[in-house]
Structures are given as structure tokens and as C-alpha cells.
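> From the sequence below, what's the structure:
(one chain, ligands or ions: 1)
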Amino acid sequence: WWRHVEAAPKDPILGVTEAFLADPTPHKVNVGVGAYRDDNGKPVVLECVREAERRVAGNLNMEYLPMGGSVHMVEETLKLAYGVNSDLIKDKRIAAVQALSGTGACRLFADFQKRFSPDSQIYIPVPTWSNHHNIWRDAHVPQKTFHYYHPESRGLDFASMMDDIKNAPSGSFFLLHACAHNPTGVDPTEEQWREISHQFKVKGHYALFDMAYQGFASGDPEKDAKSIRIFLEDGHLIGCAQSYAKNMGLYGQRVGCLSRVTSSRVVLDQLLNVLSMVCEDEKQAVIVKSQLQQLARPMYSNPPVHGALIVSTILGDPDLKNLWLKEVKGMADRIIGMRTALRENLEKLGSPLPWEHITKQIGMFCYSGMTPEQVDRLTKEYHIYMTRNGRISMAGVTTGNVGYLAKAIHEVTK
Ligand code: LMR
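Take a look at the predicted model:
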């Protein structure tokens, strides 16, 4: 039956983990996948998560969640993205469902886009997280790209990005990384976000924010939501994909959320009765949510319960939430420390190449500028595993391996 099926190509990120695991060398280093490690290179379960697990253990039953997931978890998650005092939340203008982490949230959005805007396309930054391409490909939404990264400066190509936004047909869909851009670690400044938002307004574009790293850019989830808040101030009806894989370390639990702001006639026609419009808007949010649930039902029916309970327990308890905020900052700070250490080591080795970008870029990744051939040498000769686009997961760098990593990078970039 299946003789015509050929082996799928290895995933550019998860394939690196497979190769790393298959290597018996004791001093091997994995800076491929974006998964946080402590300074001993060990996976981390946050204290707040351990405590939440203790609290939910006795109360956990194994019933199905609703198709849209845990209502409590979704409520708390919206507060993180939109702000605790968000009028949009109060007015119930956000349609939101629990999703299978960030990937599942993006996929639900892509399927929704295909179903209700079947002729639309999605504009994706160059470069982006490799799985974004797979997600919109499998949802059969044609992809266009827009400029983002400037290889020479190893920063943002803001001018070309703005040109692409201006030149895209009015009402286009754009995928934006809310913070800690993956793979480059390069984010627009606040001022640039304001200009981007303004231009989106002029062109009537739609923004879907993928926010997989809230807390990892600055160490403060509130600050990291700035891009979204700027768009909201400008009245955009954004979509937002959230994930707790990184910022709560719940990688395998697959907890995330997809939300969409629904339109407000109040903005369009200020003379209309606000209360009835709130009603109407709430109705719209309910309609959109029902369709998101409809998409989820044949795909996975309803999302998993355990991780959602952990998240809602943490965010619903002020003490646990404060502990979480401290722990996110701790993770972000360790990574910032490793950026400094890697750069200093390379400079001490006398590398004549510029390495400021290691400390300028933010979030989990450093887009090193190494070529695929140089990365291949790192793997072959030094047992250092990373993606061939030159991305280093700083979360895998430790005080124990940073010297070795710097020496190897110096050797292959000479
Ligand atoms: C990454 O970019 O390494 C992570 O988002 C993990 C993944 O699923 O690719």
C-alpha cells in the first residue's frame, strides 16, 4: 500500500536533537532546540510549577475539557497578553481558546484563515521559525515573505520591512513575532513598533502575533507585551498565539492559547449605544470562538487538562504568580549572562570578527552569522549541535561549556 511513500526530510530543529541524542561523545553540546537548561545543562522544572502540581494533584480528575479548553486558564492567559485592566477583556471582545501550545495556536489561526478568508495569503518574515512555513503550508494558505533581518548589520532591516508593509495589497495578513524574534533575537524598538502599527492602520493589514517567548526578552512579561499593546492602542483587531512552553518550562504539556479581538462598532460609529454594541461585540466573539472550537473538534477534540490546570493555578494565585515572575527573570538573566560570557571568550581568543550582536540580540537565540558549512564543521569536529542557519540556542550555553563553544566557533570562523 505505502511503497510510493518516501522518507520525510529531517526537521531542521528537532532533527538536531535526534542527531545530538545519537552521538555517544560525552562532551557533546546541544545548542539546537530552544529549550531552557540550568547552568549544569539540565532541564528545569520551575518551583512554581512543582508547587502548582502539588496543589492540583488531589483535585485532578481525568474528565474532558470543553473543546475551547480551560476557561480559567484562558482568562488568565488573556490578562498576560492584553493587560490585567484591558477593556477588551472586560467587554468580552476577545474570542479565545486553549491551544496545543504556540504551534497549535498558529495552526488553528491558519485553518481559520483558510476557512473564512479562502483567497488570502500570509506574509511571513525572513527569516522566521522554520515551523511557521510548515503550518501555513499544511493549512493551504499561500505564503509571501517580508524583509526583516539585515545580515550585514545583524540587526533589523527596518526600511525594507516598512517598504514591504506599504507595498503589500491592502488588508493583507502578516505574521509578527511579538518579542524575542526566533531565530534572530532582533526585535523592533518601541518607536519602530509604533511606525509599523501606524502603517498597518493605513493599509488595513491584519496582524497575528506569535508570542512564544513572553518574559524571555526583557525578563518581564509586561514589557515583552509592548508590541501587542501598541497595536491595541491603535485599535487593531489583532490575533495572538501564546505558549507556556518556554516561559513556564511546560514544553511537553502543550499549553497555549489562540485569541482574536473582534470588531467594535463603537470605534466605527461613536454615536451608537455603547451597551448594545458591547452586546453585539460579545456576540461576535462568541461566534468566532464557536468556529475555532469547530476547527479543534475534528483535529484533537479538546486540549489536554494537566498543563492548563498548572497554568491557571499559578496565574490565579498572587504568591505563585510572583514566584513565576521571579523565575522567568532568573532564566532570562542567566541567558543574558551567557551572552556576555560567549562574546568575552571569543574576543579573548583574539577573534577578529565582530561579536557585539551576541549581546545586542535578545531572547533565547543568537543568530551568529555562521554559515551552514561552518555549523557542519562544529558538529563534525567538535560535537556541537545547532541548526544550520547559524542559530545558537543560548539556553543551552553554560559556564561549563561556554569556553569550549567559543574556541570551536573561533576555529571554524577563522
Ligand atoms: C525552537 O525554535 O527551537 C523551539 O520553538 C522548538 C521547536 O518546536 O522548534
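> Could you find the closest non-adjacent residue to the closest residue to the ligand within the stretch 151-300 of the chain?
Proximity of the stretch 151-300 of the chain to the ligand (CB to the nearest ligand atom) peaks at Asn182, 5.2 Å away. For the C-beta atoms, the positions are set from N, CA and C on the backbone; glycine is no exception. Leaving out its chain neighbours, the residue that sits closest to Asn182 by CB to CB, 6 or more residues apart in numbering is Trp129, at 4.6 Å.
> got it, and His357?
In space, His357 is closest to Arg154, 3.9 Å off (CB to CB, 6+ apart).
> Hmm, Gly369 and that neighbour touching each other?
Yes. Look at Arg154 against Gly369 with CB atoms under 8 Å: they come within range, at 6.1 Å.
> overlap in contacts of these two?
Common contacts of Arg154 and Gly369 (CB atoms under 8 Å, 6 or more residues apart in numbering): His357.
> Between those two, tell me which one has more neighbours.
Arg154 (21 against 16; other CB atoms under 10 Å).
> Which residues are in contact with that one?
Arg154 neighbours (CB under 8 Å, 6+ apart): Val186, His357, Lys360, Gln361, Tyr367, Gly369.
> could you dump those residues to JSON lines with distance to Lys166, pLDDT and secondary structure?
JSON lines is the format used below for the contacts of Arg154 (distance: CB to CB, whole Å; pLDDT from 0 to 100; DSSP: H, G, I helix; E, B strand; the rest coil):
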{"residue": "Val186", "distance to Lys166": "21", "pLDDT": "97", "secondary structure": "coil"}
{"residue": "His357", "distance to Lys166": "27", "pLDDT": "96", "secondary structure": "helix"}
{"residue": "Lys360", "distance to Lys166": "27", "pLDDT": "96", "secondary structure": "helix"}
{"residue": "Gln361", "distance to Lys166": "26", "pLDDT": "96", "secondary structure": "coil"}
{"residue": "Tyr367", "distance to Lys166": "26", "pLDDT": "97", "secondary structure": "strand"}
{"residue": "Gly369", "distance to Lys166": "29", "pLDDT": "95", "secondary structure": "coil"}
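> Out of these, flag the one nearest to the ligand.
Using CB to the nearest ligand atom, those come closest to the ligand at Tyr367, 12.0 Å.
> For the closest one, name its beta-bridge partners.
Judged by DSSP bridges, the bridge partners of Tyr367 are Arg391.
> Pretty sure it sits against Thr184.
Yes. Counting by CB under 8 Å, Thr184 is a contact partner of Tyr367 at 4.2 Å.
> what touches both of those two?
Joint contacts of Tyr367 and Thr184 (CB under 8 Å, 6+ apart) are Tyr149, Gln361.
> buried set for stretch 300-318?
302-305, 307-315, 317 (16 or more other CB atoms under 10 Å).
> Look at Gln242 and give its secondary structure.
Of the three states, Gln242 takes strand according to DSSP: H, G, I helix; E, B strand; the rest coil.
> Run through the bridge partners of it.
The partner residues for Gln242, given DSSP bridges, come to Met211, Cys257.
> residues contacting Asp210?
Residues in contact with Asp210 (CB under 8 Å, 6+ apart) are Gly102, Ala105, Cys106, Trp129, His132, Leu175, Leu176, His177, Ala178, Ala241.
> For stretch 112-122, which outside residues touch it?
Contacts with stretch 112-122, where a contact means CB under 8 Å, 6+ apart, come from 110, 136, 139-144, 172-175, 208, 291-292, 295.
> which SS class is Asn247?
coil.
> Once you drop chain neighbours, what's closest to it?
Using CB to CB, 6+ apart, the closest residue to Asn247 is Gly215 (4.2 Å).
> what's near enough to touch that neighbour?
Applying CB under 8 Å, 6+ apart, the residues contacting Gly215 are Pro221, Asp224, Lys246, Asn247, Leu325, Val328, Lys329, Met331, Ala332.
> And those, which two are furthest apart?
Lys246 and Leu325 (14.6 Å; CB to CB).
> So for these two, which sits in the more crowded spot?
Neighbour tally, Lys246 and Leu325, criterion other CB under 10 Å: the higher count belongs to Lys246, 25 against 17.
> Near Asp220, how many other residues are there?
Asp220, neighbours per other CB under 10 Å, totals 15.
> out of everything not next to it in sequence, what's closest to it?
Among residues not flanking Asp220 along the chain, Lys329 sits closest, at 7.0 Å (CB to CB, 6+ apart).
> For the strand or helix carrying the one you found, buried residues please.
Using DSSP states H and E, the element containing Lys329 is helix 318-348. Residues of helix 318-348 classed as buried by neighbour count (16+ other CB under 10 Å): 320-321, 323-325, 327-329, 331-332, 334-335, 338-339, 341-343, 345-347.
> tell me what that helix is packed against?
On a contact count with 3 or more CB pairs under 8 Å, 6 or more residues apart in numbering; DSSP states H and E, helix 318-348 meets helix 47-57, helix 306-315, helix 356-360, helix 402-413.
> Of all the ones you listed, which one comes closest to Ser393?
Nearest of the helices and strands packed on helix 318-348 (CB to CB): helix 402-413, 11.2 Å.
> in the closest one, what counts as buried?
Residues Val402, Leu405, Ala406, Ala408, Ile409, His410, Val412, Thr413 are the ones in helix 402-413 that count as buried (16+ other CB under 10 Å).
> what sits against the residue nearest to Asn182?
His177, Asn182, Pro183, Asp210, Ala212.
> May I have the secondary structure class of the residue nearest to Asn247?
Secondary structure for Gly215, judged by three-state DSSP, is coil.
> How about Ala96?
Ala96 carries the three-state label strand when classified by three-state DSSP.
> Check Gly235 and give its pLDDT.
Turning to Gly235, the model gives it a pLDDT of 88.
> got the phi/psi numbers for it?
For Gly235, the backbone dihedrals (degrees, to the nearest 10) come out as phi 80, psi 20.
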